[in-house]
Structures are given as C-alpha cells and as structure tokens.
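*Asks:* Build the 3D model from these lines:
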Amino acid sequence: MHVNNENSNGRAVASDDRPNHFDAVVIGAGFGGLRMLHELRELGLTGKVIEAGSDVGGTWYWNRYPGARTDSESWIYIMTFSEALKSEWDWSERFPTQPEVLGYLQHVADRFDMRRDIQFNTRVRSAVRDDADNVWRVETTDGEVFTGTYCISASGVLTIAQEPPFPGLSDFKGDWYQTSSWPKEKIDFTGKRVAVIGTGATGVQVIPTIAHVAEQVTVFQRTPNYDIPGRNRPLDSGYAAGVKADYKDLWQKARESGFGLPYEVMERSAVDYTPEERQPIFEAAWAKGGFYMGLETFSDYLVNKDSNDTVSEFVRGKIREIVTDPAVAELLAPKDHPFFTKRPPLENGYYEAFNRDNVTLLNARAVPIEEITPRGVRTGEQEYEVDAIVYATGFDAMTGTLFGMGITGRDGLRLQDKWRDGPRTYLGFTTRGFPNLFVITGPQSPSVLSNMPVAIEQNVEWIAGLIQHLNAHDLDVAEPAQEAEDKWVGHHNEVAAATLLLGTDSWWVGANIPGKPRTLYPYVGGVGPFRAICQQVAEKGYEGLMLTRH
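*Replies:* Numbering: from 1, shown residues only. Below you'll find the predicted structure:
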C-alpha cells in the first residue's frame, strides 16, 4: 500500500516517488470519479483523476443545453458519504437543472479539496496493461503518461455523442449545436428559425425551452416516446427538511429497490384489474409526475405485454388530451414499442409546445432527412430553411467511451476486439484479460436502468472494498476467472431475455449505432438484487475473481 503524499507542486505522488505513478488512475471527474477519489483517500491510497473538461461534473459539465435537468428527484440525486454534505446542501427544485447539479458537484470537489488530485483539460489516448510492472499505462493526447496499479473508468455511459448521420453537415451556413457538447456561453434563439433533430430525452427538454423564444421551431421526429410529466416545482424549506430527516430510510429503500428510487412498488399485474379499476391508479401516478407511472402502478410492465398494453394506451390517451391537433397527437403517440422499453423521458411542457403556432412536427421516418444544405434541412419532400440546427441525436452508449480510450489488456488484446460480439464482464465491473481494470456503471451492471448516483455509489464502494481486501492480504492483482465471467454473462442474458426490452430498437440495445452488437447493455435484474449479489461475492472473499500477488 502506498501513502498519499504531496510534492512541492501539491501533486499527490506514490511513496516510492516514481514520476506520475499512483495507486489508481481514475478517468473522469463526474459523480463516479469524485466518489472514487474520496474512497481511495479513505484507504490511504494515491489517486489521479484525468478529466477531459475544464472542470468537474462529467455529464453535467458537458450537457448544458437549454432545459437540461435530472429525471431523478433532487433529494435522491446526491452523494451520501458525508453527513455534513447532506445537511448543508439545499436543492431549489424537485428536478434540478444542469447548472444546479454542476454547482453541487463543484461544491463537493471544493468542500473535500479534490481538485489537487484532478488534471483537467486532459483526454486519454490509450490505457495499456503492462504485466511486467503490474501497472496500467495511461497516455494522454498531449503525450503525458500516468501509471497506476489500478485503472478505473469513471468516464460515464452517455459521453460519446453519435455523429449526426446526414450528408452536408459542414455545408450549413447558419449556427449548429449538439446537445451533448453545448457551448458554455448562452445561446440566444430569440426570433430565429430553429430545426431540432431528435426527440429523445434531450430533445424533449430542449424543444419547449427554445419554443418560448424562437420565431419558428421545426422538429424532425423519427420515433416518438412515452414521455411522462415531471411536474417540476420549487422545493420549500419545510419539504426539504422533512426529506433530510428521512434520508437514512429513503436511501436504504433506494438501495434495495429495482431502479434506485425509494418508491413503493406495487407487486401486482394490470391485467388483474378492470379498466375502471386501473384508471384511477394511472391517473394518480400521472398527477404525481416522475417515474411513479412506471413504478407505483403495476409491477409487470417489462415482462407482460398485455399488462404493458394498458399503460401504453393510457399514455397515448393523455397525449391525445394534451395536443389539440389530432394529427400531431397521433404522430406523437408511440405505437411501435411497449412503454418503458425505450428510455421514457420526463417532460415539462413538451406536449404543450406542439400546441404553439411556432412549432411544427415532421415525420422523419416517413419522409427522412436526405441532407443538410447551406440553408437548412432537406427531406425527400422539401427544403426547410433555418437559422440554426440543434442535433439531439443521442450517444454511442455504454461502450463507446470505453472503446474510444484505446483500452488494451494482456498480450495486446483490445477491449473492442474482446467485446466484438457484445460486452463480456464479471458483474459489469471487470473483464477477463484486463487485470486491475474496473469500470463504474459499466455494461452488464444496472447503470442507466437506475438512478445513477445510487448505482455509482454501490459500484465505487464495491471496487474500493475489493482493493482494501487485496491490500489486507498482500495481494495486488484481480482478474475474473473465465467460468465466473461466462456465468455472469449467461445470467445477464437470461434476465434480459425474460423482458420485452430486446424486442425494441433502442440505445439500451445498441440499435441507434449501425453495426453495434444487439444486446441489452445494462443489467435489468434490479439495483437491489444486484447489490445483494455483489455483497455475496465480497463475503465469499470476492468469489469469481483470481486474486494474486505480482
């Protein structure tokens, strides 16, 4: 074990004073990277966090488009390692905006003096396993090399944006933006003609925001979603105080839940109720807003198509109630996939935006975009002249970021080659052939099928526990056994096959990226059950991992 010292420049170095060597190199300074750094310090270990942005925040640093906010309630979107931190931070809204979440993470970094161990404005070019020295060599695009006994990816799962797949992108003479890399300066759309391409989670947030000021908003939609009302509101001090008083209980419920949210899941099937009995249950959840519609109504939506049909039709009915033009309402009402088999965004004024005279919805599936022209967007029917284009075209989720870092394991094996037919992991944390490489919220862990801070904390605590176990037993190498990895992949696939998720083209199954293996990337077995499995593995001396001394 190395002791955390500092050199004359304040940089943490290992006690053996090898230049740029640390016990762990952590990639990314969002929720995962900050929490991992804290845990490393608690263990008395040195850690170096490498961050591409100019500040902490991860997703909440890059996704600063208008309207960006969480879809988990603020009081459950926190770190829990410090009682003082929980008591001193007050959220202003039920679902906080990007600036407020970023402010929270900046506060965490400052409150615990984390910046001295973070190198900003630094991108990873490669991370290569050196078996001879038992280190990972992480090289940046500037040519700097860091080494660590452990390499921990906290780079996030929605980081690498999908490039807009249209010819002529560079020909456009107006301004264009991607929601995933929005400029820091405020963009004023007042009086402008704006095209928004994409109606996933980011499109649902950005469209009503821009519609309030733009002269015209033209929305190009390929696939409608079952968007759920957020019912966002300011948080009064009395409510916040009550939540803080119940934090311990709320977080325990969240940790034991299916999706990392402390809701009361009703173990019942919609098909066992008459339409007259179901309606008030649906109406109550719709009025609450948030994911209560999916979690506090009926419990078998993901495994029972007949049950799912009932909630799907309810949401379609709500869309028809809100949107005044029947033709637009039908275009916004999903009919090609079951509810919750795509990520259901929370909306705040999205459907109402299409009642505005300055918002036009186009069916980009029936009449696809053919090219971007100097003046705007051309479909097979006509050219739409605009002053600005907003691309809300999504991400190469789960694996795109990992593959982009040039991760290479033993004997020159590249991660993308091992995962050519889909991810192969042990518990989502690690993969055979890549000793001492750990991934926070990686594929085949609950990850994006959960409230992310809850999943992140469990992942970080488990990785830290493993490292502590290694140190306590004078060991320093961890790698999954082939049998354990095969067993986990088989279990993951079996659970996925029991649901409706694989039958829908979504980014959860990689369908948005041409050529990407079709598989369910996150683990759908639930946050609570996953936590229990990981705990059992730890209690059995990290069963399934080969633990050795280099």
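*Asks:* Can you tell me the closest non-neighbouring residue to K342?
*Replies:* Residue nearest to K342 in three dimensions, not counting chain neighbours: S506, with 4.4 Å by CB to CB, 6 or more residues apart in numbering. To be clear about C-beta, it is placed using only N, CA and C from the backbone, and glycine gets the same treatment.
*Asks:* ugh, wrong one, I meant W176
*Replies:* Take W176 and drop its neighbours on the chain: the residue closest to it by CB to CB, 6+ apart is I389, 4.3 Å away.
*Asks:* Quick check: bridge partners of that neighbour?
*Replies:* Bridge pairing for I389 (DSSP bridges) gives the partners W176, A195.
*Asks:* do you know how far it is from T425?
*Replies:* Taking CB to CB, to the nearest Å as the measure, I389 and T425 are separated by 38 Å.
*Asks:* what about P229, how many neighbours?
*Replies:* Other residues within reach of P229, judged by other CB atoms under 10 Å, total 20.
*Asks:* quick one on the thing from earlier: quick check: the residue nearest to W176 touching T179?
*Replies:* No. Judged on CB atoms under 8 Å, I389 makes no contact with T179 at a distance of 11.5 Å.
*Asks:* which stretches of the stretch 401-550 of the chain form strands?
*Replies:* With DSSP state E, counting those that start in this stretch as the definition, the stretch 401-550 of the chain shows strands at residue ranges 407-408, 437-439, 477-480, 545-548.
*Asks:* Same question for the stretch 51-200 of the chain.
*Replies:* With DSSP E, counting those that start in this stretch, the ranges of strands along the stretch 51-200 of the chain come out as 118-119, 124-130, 135-140, 145-153, 175-178, 193-197.
*Asks:* wait, which of those strands is closest to T324?
*Replies:* strand 193-197 (20.2 Å; CB to CB).
*Asks:* need the next SSE after the closest one, C-terminal direction.
*Replies:* Downstream of strand 193-197, the first helix or strand assigned by DSSP states H and E is helix 201-211.
*Asks:* As JSON lines, the strands of the stretch 51-200 of the chain with mean neighbour count, mean pLDDT and distance to P344 would be great.
*Replies:* Below are the strands of the stretch 51-200 of the chain laid out as JSON lines (neighbours: other CB atoms under 10 Å; pLDDT from 0 to 100; distance: least, CB to CB, whole Å):
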{"stretch": "strand 118-119", "mean neighbour count": "18", "mean pLDDT": "98", "distance to P344": "34"}
{"stretch": "strand 124-130", "mean neighbour count": "19", "mean pLDDT": "98", "distance to P344": "33"}
{"stretch": "strand 135-140", "mean neighbour count": "21", "mean pLDDT": "98", "distance to P344": "37"}
{"stretch": "strand 145-153", "mean neighbour count": "24", "mean pLDDT": "98", "distance to P344": "27"}
{"stretch": "strand 175-178", "mean neighbour count": "18", "mean pLDDT": "97", "distance to P344": "23"}
{"stretch": "strand 193-197", "mean neighbour count": "24", "mean pLDDT": "98", "distance to P344": "19"}
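*Asks:* any idea how far the closest residue to A511 other than its chain neighbours is from D417?
*Replies:* The shortest distance from A511 to any non-neighbouring residue, by CB to CB, 6+ apart, is to D505 (3.8 Å). Relative to D417, D505 is positioned 26 Å away (CB to CB).
*Asks:* Neighbour count: these two, which is higher?
*Replies:* D505 (15 against 12).
*Asks:* What are the buried residues along the longest helix belonging to the chain?
*Replies:* Using DSSP state H, we find that the single longest helix of the chain is helix 452-472. Judged by neighbour count (16 or more other CB atoms under 10 Å), helix 452-472 contains these buried residues: 452-471.
*Asks:* Where do the helices of the stretch 151-300 of the chain begin and end?
*Replies:* Along the stretch 151-300 of the chain, counting by DSSP state H, counting those that start in this stretch, helices occupy 201-211, 237-245, 247-256, 275-288, 292-295.
*Asks:* Out of these, which one sits most buried?
*Replies:* helix 201-211 (a mean of 24; mean count of other CB atoms under 10 Å).
*Asks:* now could you export just the CA positions of that helix as CSV?
*Replies:* Presented in CSV, the C-alpha positions along helix 201-211 are these (Å, rounded to 0.1, in the frame of the first residue of the first chain):
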residue,chain,number,x,y,z
ALA,A,201,-34.5,12.7,-23.7
THR,A,202,-32.5,15.8,-24.7
GLY,A,203,-34.9,16.8,-27.5
VAL,A,204,-37.8,16.6,-25.1
GLN,A,205,-36.1,19.0,-22.7
VAL,A,206,-34.7,21.4,-25.3
ILE,A,207,-37.7,21.8,-27.6
PRO,A,208,-40.1,23.6,-25.2
THR,A,209,-37.3,25.8,-23.9
ILE,A,210,-36.4,27.0,-27.4
ALA,A,211,-40.0,27.3,-28.5
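*Asks:* who's in contact with it?
*Replies:* 63, 65-69, 71, 179-180, 189, 194, 196, 199, 217, 219, 225, 227, 343, 345-350, 352-353, 356, 358-359, 390, 392, 394 (CB atoms under 8 Å, 6 or more residues apart in numbering).
*Asks:* picking up where we left off before, I389 and T179: who's more crowded?
*Replies:* Taking neighbours as other CB under 10 Å, I389 and T179 compare with T179 leading, 27 against 24.
*Asks:* my read: the more buried one touches G394, true?
*Replies:* No. T179 is beyond contact range of G394, at 9.1 Å (criterion: CB under 8 Å).
*Asks:* shared neighbours, the two?
*Replies:* Common neighbours of T179 and G394 (criterion: CB under 8 Å, 6+ apart): G198, T202.
*Asks:* No further queries at this time; thank you.
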